Each structure stands twice: as C-alpha cells, then as structure tokens.
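K.L.:
here is the input, now give the coordinates:
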Amino acid sequence: MALPWKVIDQFITQDEGRLELRQRGKKDFIITLGTQVLMNSMAQRSEIALGNFGAGPLENHPAPRVMIGGLGMGITLRAVLDSLAKTAKIVVWELNPTICQWCRGPLSDLTNGAVSDPRVRVELGDIVHGISNASKSPSNERLDAIILDLYRGPHSRTDKKDDPLYGSRAIARAHRALNPGGTFAVWGEDHDEGFMKRLARAGFSTTFKRPGKGGYSHAVFLGTKKKKQNL
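P.N.:
All right, here's what the predicted structure looks like:
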C-alpha cells in the first residue's frame, strides 16, 4: 500500500492559488497547484533532458554563462551543473522565494544541494526581465544558454507576437541575449509547430526532442543561434 502524501509546506500565490509541497517517503515529493501536480520528484526525465540539451553543448566551454527561468525542484539546475565547468556562471530566475527555501531545505538532497553550488546565483523575479537585460548587455556579457523550465510551455494558444516568453518579440530578445552558437532550450508539454516556426524566423536552427521511449512524455524545444560565417 502506498504511503499517504503529507503536506510539509504551502503558500498562496498572488495569481494562481495554493501551492503545496507534499512528501511520502524519503525522496518522493510533489509540488501541487490546487488539484494540479506541477512537479514530481519520481518523474524527472524531461527536466534532466532539458538541462542536458541546454547545457551539453557547453561541456568544454572554459567559462560559460547560463540563465535559467524557473527553479522548481532544482532538477534541471542539477543537470546543468553536471554538464558545466567549475568556472561556469549560472543565474536562476524564480518568482517565488518559498520555492528557493524548499530547494535549500527539504528538497536539497534530491539535487545534492544544487542551489547552494558556488556557480549559482538566484534572482527573485521574472525571467523576462533577465533576458531583456541580457539582450542589452555588451557582447562580452552575453549568454551561452537560456533555459526555460516553467510549468506552462508554448502551446497553440500562445500569442504569436506579444507573449512575454514565447511570442516573436520575446524570441527575438532571447536571440539578441545569446552569443553566436548559444542555445535557447524550452520545456513544453507537447509539440507546438507555431513556436518552432517563430524560433526559425528569429534566426535559430531548431530541434525538437521528446525524451524517453514509449507513452506520453513532455517535450524540449531547442534553438541554436547561428554562428556568423567568415567570408
């Protein structure tokens, strides 16, 4: 018989409702929003893949700069850290300070203390501001990867132009924020052809991944900023 879930912390978000952290067993956690399960520590495949795909191309980079949108349980962050050099710089943007407390507290063992890694800086705020600021930075301060691990990914109802994360204007900002060869990696629930086309129109080489084999699984959208060719 499965153990019952125990609510170990909760808070009310400004816009979405009650967010709860529940636990059963030592490393079995879920984060819920109302009746919806947002994250499950026993189903991490797409989060790990997102981190690996987003940061993997930087494995041999001497000092990569990476920006992550959304902390969650820290699973994607752990995958990113495992791919990068000790000289990497990673900024994670997270809206909710309580999520950060969970990752430093009861969830810490899941990721071997990823949030406390000296390569990591957590900014409390909207990743939109982080990308916007990076897009205006000098060329020597641009990013090598932007990774969006948010609980709502691109979908067919996304505003094609003005969505702050997945619209054409937002994609153009992400493109400007990246160094040539940089990666824009985005978690999603399913394939969205419109988002793929917007990535391509912005100048990205695109790839779509569905991690794992068999059954339904979440998706990873990848855009690589094309390198300038020497004439």
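
K.L.:
how about the strands in the chain?
P.N.:
In the chain, the segments counted as strands under DSSP state E are 6-12, 18-23, 29-33, 36-40, 65-69, 89-94, 120-124, 143-148, 178-188, 204-209, 219-225.

K.L.:
including distance to Asp162, could those go into JSON lines?
P.N.:
The C-beta positions use only the backbone N, C-alpha and C, and glycine is treated the same way. Compiled in JSON lines, the strands of the chain are given as follows (distance: least, CB to CB, whole Å):
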{"stretch": "strand 6-12", "distance to Asp162": "28"}
{"stretch": "strand 18-23", "distance to Asp162": "27"}
{"stretch": "strand 29-33", "distance to Asp162": "25"}
{"stretch": "strand 36-40", "distance to Asp162": "25"}
{"stretch": "strand 65-69", "distance to Asp162": "18"}
{"stretch": "strand 89-94", "distance to Asp162": "20"}
{"stretch": "strand 120-124", "distance to Asp162": "24"}
{"stretch": "strand 143-148", "distance to Asp162": "17"}
{"stretch": "strand 178-188", "distance to Asp162": "17"}
{"stretch": "strand 204-209", "distance to Asp162": "19"}
{"stretch": "strand 219-225", "distance to Asp162": "19"}
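
K.L.:
pipe these into a markdown table and attach mean pLDDT per row.
P.N.:
What follows is these, written out as a markdown table (pLDDT from 0 to 100):
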| stretch | mean pLDDT |
| --- | --- |
| strand 6-12 | 93 |
| strand 18-23 | 94 |
| strand 29-33 | 94 |
| strand 36-40 | 90 |
| strand 65-69 | 98 |
| strand 89-94 | 98 |
| strand 120-124 | 98 |
| strand 143-148 | 98 |
| strand 178-188 | 97 |
| strand 204-209 | 96 |
| strand 219-225 | 96 |
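
K.L.:
same for the helix or strand of the chain with the lowest mean pLDDT, what does it pack against?
P.N.:
Lowest on mean pLDDT, DSSP states H and E among the helices and strands of the chain sits strand 36-40, with a mean of 90. With contacts defined as 3 or more CB pairs under 8 Å, 6 or more residues apart in numbering; DSSP states H and E, the packing partners of strand 36-40 are strand 29-33.
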